[in-house]
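S.K.: here are the coordinates; sequence isn't available:
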Ligand SMILES: Nc1ncnc2c1ncn2[C@@H]1O[C@H](COP(=O)(O)OP(=O)(O)OP(=O)(O)O)[C@@H](O)[C@H]1O
């Protein structure tokens, strides 16, 4: 064999190794794990326990890592699954193992719906504390009211092992290699499903709700339902791990509902790596192996909690991303460096050029090309959005008083006024972010007063924010996928079998929008690496991706350099083609050049409205707003 043939074969093997699906690597690792544990003084039972905690951790990683909800009460669902299945099997009510396991998992999920209805009313530390309290409540109930069924302090012993019948021979699946193989297979299946969950459109939106829930809601997703779905999925995983633990141990201990159980899954996930899925398994391997080994060492066995606690602190302080997270980060940095080098070598960084207008973009996506409504922008045009006699009061401060504003279909209207005039407040009321104290908002003749921001977005009203509200951890394309997914799928869909990457049209839409924003050359890397001007363009792109009929831009030029202003003005011009646009801006030169009409607010009241030339010459506006400019 020649050197070239050998090199080609080596390259082929390398490519094959790299392209193997993650599940194959996991199967390989799981096949090796018991041998490694045995060599290190562990046992097959230790390996089974690690797998069961790994299954528990998969659900917890979806909940905490991807949905951003830190629950200290997952034992409530682990315990529910354990006891329901164990009771059904021990009492003989159900003899079919699959049925008993299914009942345990379903019970956990149903229970999580009830818990979620309470816990999801709050976010952050309050959510964590509610789950903590519910976990403790379950522990108490298991030891008191339910002790007749759960065995109270004694737990439930005598859970039978599954028995398989092959002809006239029967085979009992007790602990050992057989049990390991079955649990390992279940782990791979549950890992596969968890990966589907987080890479599916559902998972992308879930991740977006963690990073920026307000923006995710504003672009049209029902954030609460996404959170509830993640909570129920995590409870399903906890329930499954609990049922299997009971069967494996032939016993459900009184600690199934304990705070220790909830705490252990948190620690294992953090040590292994949040948002990695495999991290909780690695964390469980470290935790359980060390615990088992430490307990066997004479003299220090009693101090295993102290030693593990110290190791946890060390791991968290030295490896912020966890074991798997840190490894992934090294590879990510390498990929980024290689991409940057390739871009520099080919001088890919193209000059800014806003591309195709949005009418083309969405017509191509939806197959519904329409004539540009900007043709309808005239003196007798129909109002697209109207504020009627709006009053907004914050305590003793009246921010808006009897404000009326009518934006015609297809026009660009500028909204100006000194600081504190009430422009942003009016924007928030028009987009449904905030209710008015009194007055009405009409959209194309329909009274939409009081509809929420998500509903307003679904109707076709979208806003770009004064302070950019992008998703810093995501790539540019992923940022645009969040609103595009709302447009494509509606407020909520549990489409875990769908694939974003395989949806060619969706990816094309994102790329067209990126081209339109002049950001095609910044595809690689997270948004946190972008300049402020680029973030501003992306901010407008996110609003535009919801395909609004009415686009509201809150100070799109604020904080930009002169060069960046020119770029963003280009984007606004392209974005306004085919839609009604309302712009709040302090840069008068830019706004007067852009807008068909200008409305002026002063101290929360209407001051004037008219074409830019008229407003420019209006002496009342000069004295109230541009003080001193008339003398110039
Ligand atoms: N959530 C709030 N709670 C209390 N007061 C508020 C709130 N939002 C706005 N205000 C007050 O309402 C008034 C109008 O504020 P608003 O932000 O709408 O003005 P603006 O015209 O957008 O100003 P700027 O140009 O500085 O952004 C201000 O006095 C502000 O302090």
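M.R.: Received the coordinates, thanks. None of the values given here were measured: they were computed from a predicted structure.
S.K.: when you work out contacts or count neighbours from here on, use the C-alpha atoms and nothing else.
M.R.: Noted.
S.K.: quick one: buried residues of stretch 406-426?
M.R.: 406-417, 421-426 (16 or more other Cα atoms under 10 Å).
S.K.: so which of those residues are also by the ligand?
M.R.: Filtering the buried residues of stretch 406-426 for proximity to the ligand by Cα under 6 Å from any ligand atom leaves 421, 422, 423, 424, 425.
S.K.: looking at those, which are in helices?
M.R.: Residues of those located in helices (DSSP state H): 423, 424, 425.
S.K.: CSV please, covering these and showing pLDDT.
M.R.: Below are those laid out as CSV (pLDDT from 0 to 100):
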residue, pLDDT
423, 95
424, 96
425, 97
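S.K.: closest to residue 158 out of these?
M.R.: Using Cα to Cα, residue 425 comes nearest to residue 158 of those, at 64.8 Å.
S.K.: what's in contact with stretch 166-185?
M.R.: With contact meaning Cα atoms under 8 Å, 6 or more residues apart in numbering, stretch 166-185 is reached by 27, 30, 44-45, 47-48, 51-52, 161-165, 248-249.
S.K.: least confident secondary structure element in this protein?
M.R.: Sorting the helices and strands of the chain by mean pLDDT, DSSP states H and E puts helix 358-366 at the bottom, at a mean of 41.
S.K.: nearest residue to residue 229 other than its sequence neighbours?
M.R.: residue 494 (7.9 Å; Cα to Cα, 6 or more residues apart in numbering).
S.K.: for residue 429, see how far away the one you found is.
M.R.: With distances taken as Cα to Cα, to the nearest Å, residue 494 is found 31 Å from residue 429.
S.K.: who's more crowded, those two?
M.R.: Using other Cα atoms under 10 Å, the more surrounded residue of residue 494 and residue 429 is residue 429, with 23 against 16.
S.K.: now the helices for the stretch 401-550 of the chain?
M.R.: Taking DSSP state H, counting those that start in this stretch, the helices of the stretch 401-550 of the chain run over residues 423-430, 453-459, 476-489, 504-516, 532-545.
S.K.: residues in contact with the residue most central in space within the chain?
M.R.: Centroid check for the chain by Cα atoms, centre = their mean gives residue 207 as the closest residue, at 1.7 Å. Counting by Cα under 8 Å, 6+ apart, residue 207 touches 66, 67, 68, 198.
S.K.: what helix or strand does it sit in?
M.R.: Per DSSP states H and E: residue 207 is located in helix 201-211.
S.K.: returning to that earlier point: tell me the pLDDT at the residue nearest to the centre of the chain?
M.R.: Note for residue 207: predicted pLDDT of 97.
S.K.: which of the contacts of residue 207 sits closest to residue 235?
M.R.: Using Cα to Cα, these come closest to residue 235 at residue 67, 13.5 Å.
S.K.: neighbours of residue 335, just the number please.
M.R.: 14.
S.K.: now do residue 520
M.R.: 21.
S.K.: would you confirm that it contacts residue 508?
M.R.: No - assessed by Cα atoms under 8 Å, residue 520 is found out of contact with residue 508, at 11.8 Å.
S.K.: low-confidence ranges in the stretch 351-500 of the chain?
M.R.: 351-382 (pLDDT under 70).
S.K.: show me what from it comes close to the ligand.
M.R.: Near the ligand, when you scan the stretch 351-500 of the chain using Cα under 6 Å from any ligand atom, you find 394, 399, 418, 419, 420, 421, 422, 423, 424, 425.
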